[in-house]
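Trainee: could you work out the structure for the sequence below:
(chains A and B)
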Number of protein chains: 2
Amino acid sequence: MTLTKSNVNVEEQAIKAKKASKKLLVLSESEKNEALNHIADVLEKDYETILQANEKDLANGKEQGFSDAFMDRLSLSKDRIADFASGLREVAKLEDPTGNILSDWTLDNGLQVEQITVPLGVIGMIYEARPNVTVDATGLALKSGNAIVLKGGSSAINSNNAIVEVMHKALAETKIPQEAVQFIASTDRKATNQLFTMKEHIDVLIPRGGGKLIKAVVENATVPVLETGVGNCHVYVDKEADVEKAINILVNSKTHRPAVCNAAETLIVHEDWLEKNSAVLVEALQEAGIHVHGDEKVMSVIPGSVLAEEDDWANEYLSTDIAVKTVSDLSEAIAHIEVYGTKHSEAIVTENADNARTFLSLVDAAAIYHNASTRFTDGGALGFGAEIGISTQKLHARGPMGLPALTTVKFLMKGNGQIR
Amino acid sequence: MTLTKSNVNVEEQAIKAKKASKKLLVLSESEKNEALNHIADVLEKDYETILQANEKDLANGKEQGFSDAFMDRLSLSKDRIADFASGLREVAKLEDPTGNILSDWTLDNGLQVEQITVPLGVIGMIYEARPNVTVDATGLALKSGNAIVLKGGSSAINSNNAIVEVMHKALAETKIPQEAVQFIASTDRKATNQLFTMKEHIDVLIPRGGGKLIKAVVENATVPVLETGVGNCHVYVDKEADVEKAINILVNSKTHRPAVCNAAETLIVHEDWLEKNSAVLVEALQEAGIHVHGDEKVMSVIPGSVLAEEDDWANEYLSTDIAVKTVSDLSEAIAHIEVYGTKHSEAIVTENADNARTFLSLVDAAAIYHNASTRFTDGGALGFGAEIGISTQKLHARGPMGLPALTTVKFLMKGNGQIR
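Mentor: Numbering: from 1, shown residues only, chains lettered A, B, ... in the order given. From the prediction side, this is the model:
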C-alpha cells in the first residue's frame, strides 16, 4: 500500500486522541508499564512487517536521490527495531511523572489545597525523517499518561505507518486504548497545518527536525509549542584560556557529532590568545579536519580559511565547518552570542574565575559551560533518561526535556462547604 | 498633554528593555527591594501628578459614555495610590524567585551541573483599563529581575503615563535602570500588534483583560504567551449534594464578586436533587438576586427563568445571571464542562466520595473543588502573595501565577576540561 492524501481526517483523529486521553487518566503506573513492555515485545516479534514497509520508503528515497546520511537515518534493521524495543523498556522503568504532589497545605478555614502533576492530555508530535521518533515519542507520551498524535515526515511514511500498526496491535492486548496513538497517514502538508490550530483537542505541539520545520510550527501554531532544537552554539576561548583545555573542548564540541544541535558552530577567540597560540590551534584544526570561515584577523593567521559572511555567523553548519571570530574582550564575545546564539548551549574556556562567572550569568541560553564541551546538553549524558527533545524556549521547560516536561499541574481543593 | 500615536517607537523601546534586563541580572536582592520601596515612596509623594492625569482620562471616559463600573475601575484617589505603594512594599518582602538552585549533581567525569532559576528577561504586559496593573506588574517584574514593556488600555493612557513617569523619576535614584520599565504611550492598536512578533526582544507576553484581548494575543503572537483569565466556571450539584453546602457554595461562587474570572457562570444540577430541593433553591436564588437561564426542565421548576441558548453555556455573564443545566448523571456533567469550560475553576458539591474523586481526576482545569466555592482560585486567597494573573493554560504555569512564573531556568555546567 502506498499511503495517499485522501484517506485521513485529522480532526477526527485528534478528537479520538482526546477521548482516549481521558481513559489514560485512570490507569495505574503498572498498567502503563505493562503496555509499554508489551509494545516492545510485539515490535520485536513483528519486525519483518516493519522492514517490508521500510523497503518501500528506501526505494522511494533512492528514486528521489536522498543523501547517504539521510538514507542511513531512514533505514531500519532487526537490530534497530530491537533498540526501539529496549528504549520502550527503559522508559517503562522510569519514575511516573504524574500524581506527584508538588505541595499541599491547608488554609485557615480548613480548605485543603494540593498541587499535583497530571498529564498534559494530547501531544502533537511533528517530526522529520527518523522513524525511531515514532516509537520514542509514543513511549514517553504513554508513560506520562498522554495520548499522542504523530505526524512524521513523508519520506518515512510507510515505515511509520507499519510501526504504528504494530503498536496498535500490541495495545489491543493492554489497558491503554489503541486510540491513544494516532498516526496521520498523509503526505499532505495541509494535514500538518490542521494540527497547528486544534486547541480544543491538542494540548501541546512538539516539532522535531530542522530549523524550517520548527519555525513554521512556532509562527503558525495557536496550540502551545514546545520549541526544540536549533543550536547555533559557540565556544569562547578567553584571553586566559588553558591551551590544552581550549583545543580539546573546541575539537570535541565541533567534531564529536557535527550534525547534532549541541555541536559548536562558531569559535569566538580572544585576539591575544589567538596571537600566542595560533600554531597549536592551526595544527589541531587541520588534524581534526575542521574548515574555517573567519574574520580578517583569522584569515591572516589560519591558512586555508575563507572569509566569514553573515550566514556563517547566523546559521548551523552541522558539518566540520566552523566560523571563527576574534574579539578584544569578554563583553564583545557575549554581545556576539546575544545576536547570533539560539539560546541552546554556550561555552567559555578560561582560567579567570571572574570572567567565567560573568559569562555564566550574562549569557542567555539553556546550558552554559565553563571549561567543558557543549556536547553534554543531552538527557542521556546528564542522566535524565530518555528525552523528548531539547527545549530552546524559556517557558515550561528549558534544556533537555524528560518525562516531567510532558506534565502540567492541577490544584485540587477539598473542602466541607468553605466560601469566601 | 494628550498622548498621540506618532511619538512612539515600539521596537526601540523593546530593545532598551532588553538591554536593561541584562543590567538587572547583576543586582542583588536588596538592591531590587530598595528600588521597589523607593518607587512606593515616590508614588505616595507625587500622587497629585497622577491624579491630574487621571482627571483627563475620567473626562474622556465621561465624554465617551463609559459605564459606572468602568469609570470606577479607572478612577484613582490618594488612597488608591497609597494601595499601589503598599502593594509594592509587599512584593519587596516576598522571597526572590531567582538564583534558586533547583537541583545540582556531579557527573562521573567530574562535570558539575546546576539547574538554577533566572529571570525570563523582558515581559510584555498588555492590559485593559485598570491603572493598578501598571504598578503591580512593574513591581512583580522588577522583583523577579525582569524588565517590562507596558501597553495599557487607551482609556487609561494619561494615568498610566503619569504613573510610569513617577516610577522613572524614582528609579533614577536606584540601582535599577529607568529603561527597565517601558511604557508604550500610544492608543494605536498597531503598537500592540508590533509587540506580538518581537521574539528577539520580548521573552513572554502576558495579556490581562477580556476574552477578546486574550484571544487576539494568543492567536497572533509568535512571542510565547502566558494566557490568563477567562473563567467560564461551573458548580455541579450532584445527586448526593448536601443542601446547605450546595446553596452556600452556589450563591458565593456566583455573587461574591460576579465580575471576576473565578465566579461561577453555570450551575449544573442533578435532576433528582433539583426535583427534591427546588423550593429551597428557588428561594435562595431569589434572595441573592440571581437571574436564571435554564434548560426546559429548569424552566418548569424555577419561576422567572428564561430559556438558555448556546451563548449562555459558552460565555461568561460576569453579572448575577446564571445558566442552569440539568443532568442525569455525573458523566453528563463532566462532558458539559469538557465542552464549555475554560479550564479555570470547576466545583462539585457532593457527599459521595467516589463521585468527588472522579470529578477531581477527570475534569481538566487549573483548580478543581470538592465542596468549596470557586472563589478561592486567587493568589491572595491561597497565600501566594501578589499574582501576575491566573493562568488557564497548561504549559509553564497553571492557576494563580506568583513570582516563580516570571522565571525560567538555566543549566550551569562547571568543568575542568571535560569532553565526550
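Trainee: can you list the residues of the stretch 151-300 of chain A near chain B?
Mentor: On the criterion Cβ under 8 Å from any Cβ of the partner chain, chain B has as its neighbours in the stretch 151-300 of chain A the residues A:203-204, A:218-219, A:222, A:224, A:226, A:242, A:244-245, A:248-249, A:252-253, A:256. All C-beta atoms are positioned from the backbone trio N, CA, C, and that covers glycine.
Trainee: of all the residues you listed, which comes closest to B:Val42?
Mentor: Of all those, A:Pro224 has the smallest distance to B:Val42: 39.0 Å, by Cβ to Cβ.
Trainee: you'd agree the closest one is up against B:Ala397?
Mentor: No - distance between A:Pro224 and B:Ala397: 11.9 Å, which falls outside the contact criterion (Cβ atoms under 8 Å).
Trainee: if you average pLDDT over the strand or helix carrying A:Arg357, what comes out?
Mentor: When elements are defined using DSSP states H and E, A:Arg357 is found to belong to helix A:353-362. Throughout helix A:353-362, pLDDT has a mean value of 98.
Trainee: between A:Pro224 and B:Ala397, point out the one with more neighbours.
Mentor: Neighbour totals were compared for A:Pro224 and B:Ala397, and B:Ala397 leads with 25 against 21 (other Cβ atoms under 10 Å in any protein chain shown).
Trainee: now that one: closest residue in space that isn't a chain neighbour?
Mentor: Taking Cβ to Cβ, 6 or more residues apart in numbering or on different chains as the measure, B:Ala397 lies nearest to B:Ala405, with 3.9 Å between them; neighbours along the chain are not counted.
Trainee: same question for A:Thr49.
Mentor: Closest to A:Thr49 by Cβ to Cβ, 6+ apart is A:Ala162, at 5.6 Å.
Trainee: OK, contacts around the one you found?
Mentor: Taking Cβ atoms under 8 Å, 6 or more residues apart in numbering or on different chains as the criterion, A:Ala162 is in contact with A:49-50, A:52-54.
Trainee: got the phi/psi numbers for it?
Mentor: phi -70, psi -40 (degrees, to the nearest 10).
Trainee: what's the distance between it and chain B?
Mentor: As defined by Cβ to the nearest Cβ, to the nearest Å, A:Ala162 lies at a distance of 32 Å from chain B.
Trainee: what residues sit buried inside stretch A:368-381?
Mentor: Of the residues in stretch A:368-381, those with enough neighbours to count as buried (16 or more other Cβ atoms under 10 Å in any protein chain shown) are A:368-379, A:381.
Trainee: what about that stretch and chain B, touching?
Mentor: Yes - with Cβ under 8 Å from any Cβ as the measure, stretch A:368-381 is seen reaching chain B through A:368-373, A:375-377, A:381.
Trainee: identify the residue spatially nearest to the residue in the stretch 101-250 of chain A positioned nearest to chain B, adjacent ones excluded.
Mentor: Using Cβ to the nearest Cβ, the single residue of the stretch 101-250 of chain A nearest to chain B is A:Lys245, 4.1 Å away. Among residues not flanking A:Lys245 along the chain, B:Gly417 sits closest, at 4.1 Å (Cβ to Cβ, 6+ apart).
Trainee: show me the contacts for that neighbour.
Mentor: Contacts of B:Gly417 were listed using Cβ under 8 Å, 6+ apart, and they are A:242, A:244-245, A:248-249, A:371-372.
Trainee: returning to that earlier point: shouldn't the residue nearest to B:Ala397 be in contact with B:Leu395?
Mentor: No - between B:Ala405 and B:Leu395 there is no contact under Cβ under 8 Å: 11.1 Å.
Trainee: burial measure for A:Asp272, as a count.
Mentor: Counted with other Cβ under 10 Å, residues neighbouring A:Asp272 total 14.
Trainee: what mean pLDDT does the longest strand anywhere in chain A have?
Mentor: Counting residues, the longest strand in chain A under DSSP state E turns out to be strand A:407-418. Confidence over strand A:407-418, taken as the mean pLDDT, stands at 98.
Trainee: and what of stretch A:242-258?
Mentor: Stretch A:242-258 carries an average pLDDT of 97.
Trainee: try stretch A:290-298
Mentor: Computed over stretch A:290-298, the mean pLDDT rounds to 97.
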